[in-house]
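J.: model this:
(chains A and B)
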Amino acid sequence: MRLSRYFLPVLRETPKEAEIVSHQLMLRAGMVRQASAGIYSWLPLGLRVLDKIGNIVREEQNRAGAIELLMPTIQSADLWRESGRYDAYGKEMLRIQDRHERDMLFGPTNEELITQIFRDNVRSYRDLPRNLYHIQWKFRDEIRPRFGVMRGREFLMKDAYSFDLTAEDGRRSYNRMFVAYLRTFARMGLKSVPMAADTGPIGGDLSHEFIILAETGESQVFGHRDLFEGDVPPADTDFEGDLQPIVDRWTSLYAATDEQHDAARFDAEVPADKQVSARGIEIGHIFFFGTKYSEPMNCKVQGPDGSVVALQMGSYGVGVSRLAGAIIEACHDDAGIVWPVPVAPFEVGLLNLKAGDTETDAACERLYGELTNAGVEVLYDDTDERPGGKFASMDLIGLPYQVVVGPKGLKGGEVELKSRQDGAKSSVPLDSVVQSLVSDVSERRLLV
RNA sequence: CGGAGCGUGGCGCAGCCUGGUAGCGCACUUGCUUCGGGAGCAAGGGGUCGCAGGUUCAAAUCCUGCCGCUCCGACCA
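T.: I've put the predicted structure just below:
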């Protein structure tokens, strides 16, 4: 992408409504603009990040055997009356009426709708297990939205729903999502820790929140230090096999959010030098809730013995839009964002220090073409802005690699190659920079 | 909803107390000079001062009501 034709409004100063660093940087880097309280427009750069996050989530869901579909944002109130949640949900649910004065709502979650779809189309245990998911906008009319996209009212969420014949099978479905989540967040460069969690309005008795540590986290979390350094299950993990040992390993050590925290247990189970007490951000939440929806909504199949049984269900959420903010909270420095390669909006920033100069233009065009053809995502700053401004903007938007092309270096046939992550700079021959970048970038696209 | 604060050009702010020509920095446009880490000079463009009432000869400024936004608390992916 050529910057001269792109839409990337960067801000030199910090808008005063932004209090936390990820919100400030998202506004300054031209990723989002606030439409109203807790509701955001995603500008081109932000959308690219959102898509990358969504695609990683998608790949890992698919790997774990979940199947993607897409449900609407607007739902019928009648469906929610079946489960009893129309009255139970409270004011977070945005209730609206259509022109015929039918009660509708903007979906805060989709248990009811997916249960309806499933019950209307599945009759036999032979069609089990199934896990269906979608990535769709949700609306929860929070009392107080804050922290930018981290706690907006409108947010993009991946929500998966599992259907099983027995509780044991349901547990296996739960485990598949548990392992998928460990991989999903690790691929974004995040160290997530599953923690015993409250089930809230979703219901059920088995639940984990996936937490990353961040100073601006919304809740206090407690855990064993070793959990924050554990190895993530590899890509060739057999999701059809027994995942219980993996889950057991991750849940054997103490980890809890403040609402579940038991200080006495914490002190008894975790040696003082292994105790971690910090702020955390919830980026995923999984639940197993049995027949909470299938029973009242009559989502039943015939088992092998001919009996009709209500399905065992679970639901599994990932805050896709929240992750964009959460990753920035975890990955930034004084100059701006420092994107991990897998979620970076572009992988390489190409800086033409003297746009209009025949030689630098030619060298940049060549690099831009070759990198693009090699499948590397390049943002080419071909504007005639001064070098200082170009450097500052590139650092702000945080692309992992920068290629600096100017007359000085070109005299020796060289360009400067910089890593945003560690700030390392090196002079590289013009002829080998593409090869070097292609291998560096592709190596870091897959973190696990 | 309880408490606190803020709404003045795209962004950041001053002016309000003590009513009288709407200002500053950045950004933007044009020209010249500059050009390897946010340049200099010069000339420009852009504002219903959140909205509505009221007081007054006169309101960004004083009064009343409303709206929006932010922070702390209860709620949450």
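
J.: which strand is the longest one in chain A?
T.: Of all segments of type strand in chain A, defined using DSSP state E, the longest is strand A:275-290.

J.: remind me which residues of chain A are low pLDDT?
T.: For chain A, residues meeting the criterion pLDDT under 70 lie at A:199-205.

J.: so which residues of it form helices?
T.: Remark: helices assigned in chain A by DSSP state H are A:21-28, A:44-63, A:77-83, A:85-88, A:111-121, A:167-187, A:244-251, A:263-269, A:320-330, A:358-373, A:387-397, A:407-411, A:433-445.

J.: which of these has the highest mean neighbour count?
T.: helix A:320-330 (a mean of 26; mean count of other Cβ atoms under 10 Å). Bear in mind the C-beta positions are built from the backbone N, C-alpha and C, glycine included.

J.: now the helices of chain A as a markdown table including distance to RNA strand B?
T.: Putting these into a markdown table (distance: least, Cβ to the nearest atom of the strand, whole Å) gives the following:
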| stretch | distance to RNA strand B |
| --- | --- |
| helix A:21-28 | 7 |
| helix A:44-63 | 12 |
| helix A:77-83 | 17 |
| helix A:85-88 | 11 |
| helix A:111-121 | 12 |
| helix A:167-187 | 11 |
| helix A:244-251 | 17 |
| helix A:263-269 | 17 |
| helix A:320-330 | 4 |
| helix A:358-373 | 8 |
| helix A:387-397 | 2 |
| helix A:407-411 | 3 |
| helix A:433-445 | 12 |
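
J.: ok, which of those comes nearest A:Leu351?
T.: Smallest distance to A:Leu351 across the helices of chain A (Cβ to Cβ): 5.0 Å, for helix A:387-397.

J.: ok, and what's touching that closest one?
T.: Contact partners of helix A:387-397, identified using Cβ atoms under 8 Å, 6 or more residues apart in numbering, comprise A:8, A:10, A:25, A:28-30, A:45, A:335-337, A:345, A:349, A:351, A:353, A:379, A:381, A:383, A:385, A:402, A:406, A:420.

J.: and A:Lys418, how far is that from A:Leu165?
T.: Note on A:Lys418: its distance to A:Leu165, by Cβ to Cβ, to the nearest Å, is 56 Å.

J.: wait, A:Arg144
T.: 42 Å.

J.: contact residues of the stretch 201-350 of chain A facing RNA strand B?
T.: By the rule Cβ under 7 Å from any atom of the strand, the part of the stretch 201-350 of chain A lying against RNA strand B is A:201-202, A:209, A:218-219, A:282-285, A:317, A:319, A:321-322, A:335.

J.: can you do 6 Å?
T.: Contact residues of the stretch 201-350 of chain A with respect to RNA strand B, defined by Cβ under 6 Å from any atom of the strand, are listed as A:Pro201, A:Glu218, A:Ser219, A:Glu282, A:Gly284, A:His285, A:Gly317, A:Gly319, A:Ser321, A:Arg322.

J.: A:Thr109: which of these is nearest?
T.: For A:Thr109, the nearest member of these is A:Gly317. The distance, counting by Cβ to Cβ, is 7.6 Å.

J.: residue contacts, the nearest residue to A:Ser173 once chain neighbours are set aside?
T.: Excluding its sequence neighbours, the residue lying closest to A:Ser173 (Cβ to Cβ, 6 or more residues apart in numbering) is A:Ser162, at 3.7 Å. Neighbour list for A:Ser162: A:Pro129, A:Arg130, A:Asn131, A:Gly170, A:Ser173, A:Tyr174, A:Met177, A:Met313, A:Gly314, A:Ser315, A:Tyr316 [criterion: Cβ under 8 Å, 6+ apart].

J.: tell me which of those is nearest to A:Ala77?
T.: Distances from the contacts of A:Ser162 to A:Ala77 were compared by Cβ to Cβ; the smallest belongs to A:Ser315, at 20.2 Å.

J.: quick one, what contacts the closest one?
T.: Applying Cβ under 8 Å, 6+ apart, we find A:Ser315 in contact with A:Thr109, A:Glu111, A:Asp159, A:Ala160, A:Tyr161, A:Ser162, A:Ile202, A:Ile286, A:Phe287, A:Phe289.
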